[in-house]
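K.L.:
turn this into a model:
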Amino acid sequence: MEMKKKNFIKTATPYLFISPWIFGFLAFTLGPLILSLVMSFFDWPLTSEHTFIGLGNYIEMFTQDDQFWKSLIISLKYAAIFVPLNLILALFLAVLITQPVRGVKIYRTIFYIPAVISGVAISIIWSWILNSDYGVLNYLLSLIGIEGPDWLVDPAWALFAVILASAFGVGTMMLIFYTDMKNISPEIYEAASLDGAGPVRKFFSITLPMITPTLLFNLITSIISSFQQVTLVMLLTGGGPLQSTYFYGLMTYNNAFKHHKMGYASANAWVMFIIILLLTALVFKSSSAWVFYESEVKANKKKGGKKA
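P.N.:
Residues are numbered from 1 along each chain as shown. Predicted coordinates for the structure are as follows:
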């Protein structure tokens, strides 16, 4: 009996330690996920009784709601520009802070600070910077004889303004790239230097291939975050002007909490989830052609040695 009790305690102890996470996952992730799926099959007004309508929300979305397609196209445009820009900027900054220069820790901190600032604060800062009347950006452009556009008022520039403000928070991605770059052995770079390789050749032949697993991770997280952009666009433009920045996430939010159509908003959210899932699967499928893992390279070398 004593032995059984000890075995039970030994078995239950790990689950006891992770029980807060299990409770949090069930209560705040899996539970709401299942509830939103159920709600998507109902006409679920926030203040009255809900009615089961089956696929009615999805049919209305794809056949009757023109705003659904417009917001989806806007979000796809945003993602197509934001994701590569985000990756390139983060990679560029990571390369800069790996250079052996004086005060590099200060630069690293400065580049990372925007990542820990709240989305509301960033929105306020960029609303000042991009203001057409007294904004800093237009003032700097005027010094070189360029008349700055109405960034947040002109539909032709509003989306680009949101992309510019979004790229401000690349600090976390920069640090992830930086950490991976620091793990590359200096001996590899020394051997390349002896062979006459310059900085550009080293980057494209050594650095970039060796950080492709990290690049894959950052690519996927960037895709996900681009479709979930709500706070910045809500506070900067409110979806305007002329709905030129009415992102899919903002449309979903408004359907839920402004128009009180919880069932329809849940259907919007599940369509977004499926789109993100398909894009992520596509990236993973293509990763075998451009992502290189050190363990796989070593395994291939061993196989080649055995065959020889």
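K.L.:
all contacts plus neighbour counts: C-alpha atoms, from now on.
P.N.:
Fine.
K.L.:
hey, where'd the strands end up in the chain?
P.N.:
Ranges of strands in the chain, per DSSP state E, are 42-43, 51-52.
K.L.:
specify the stretch among those strands that is closest to I18.
P.N.:
strand 42-43 (35.0 Å; Cα to Cα).
K.L.:
so for the closest one, mean pLDDT?
P.N.:
The pLDDT scores in strand 42-43 average 92.
K.L.:
pLDDT below threshold where in the stretch 101-250 of the chain?
P.N.:
Regions of the stretch 101-250 of the chain meeting the criterion pLDDT under 70 are absent.
K.L.:
distance of I220 from Y139?
P.N.:
36 Å (Cα to Cα, to the nearest Å).
K.L.:
among the strands of the chain, which is the most enclosed?
P.N.:
Counting by mean count of other Cα atoms under 10 Å, strand 42-43 has the highest mean neighbour count of those, with a mean of 21.
K.L.:
that strand packs against which elements?
P.N.:
strand 51-52, helix 262-290 (3 or more Cα pairs under 8 Å, 6 or more residues apart in numbering; DSSP states H and E).
K.L.:
neighbours of Q228, just the number please.
P.N.:
If you count neighbours by other Cα atoms under 10 Å, Q228 ends up with 18.
K.L.:
residues contacting it?
P.N.:
G249 (Cα atoms under 8 Å, 6 or more residues apart in numbering).
K.L.:
got the end-to-end distance for stretch 206-218?
P.N.:
Using Cα to Cα, the distance between the terminal residues of stretch 206-218 is 19 Å.
K.L.:
and that stretch, how far out from the chain's middle?
P.N.:
Stretch 206-218 sits 17 Å away from the centroid of its parent chain (Cα atoms, centre = their mean, to the nearest Å).
K.L.:
so which bits of the helix ranked longest in the chain are buried?
P.N.:
In terms of residue count, the longest helix belonging to the chain (DSSP state H) is helix 66-97. Going by neighbour count (16 or more other Cα atoms under 10 Å), the buried part of helix 66-97 is 68, 70-72, 74-76, 78-79, 82-83, 86-87, 89-91, 93-95, 97.
K.L.:
against T237, how distant is the nearest residue to T214 once chain neighbours are set aside?
P.N.:
Once flanking residues are discounted, T214 sits nearest to F177: 6.7 Å by Cα to Cα, 6 or more residues apart in numbering. Distance, F177 to T237, by Cα to Cα: 32 Å.
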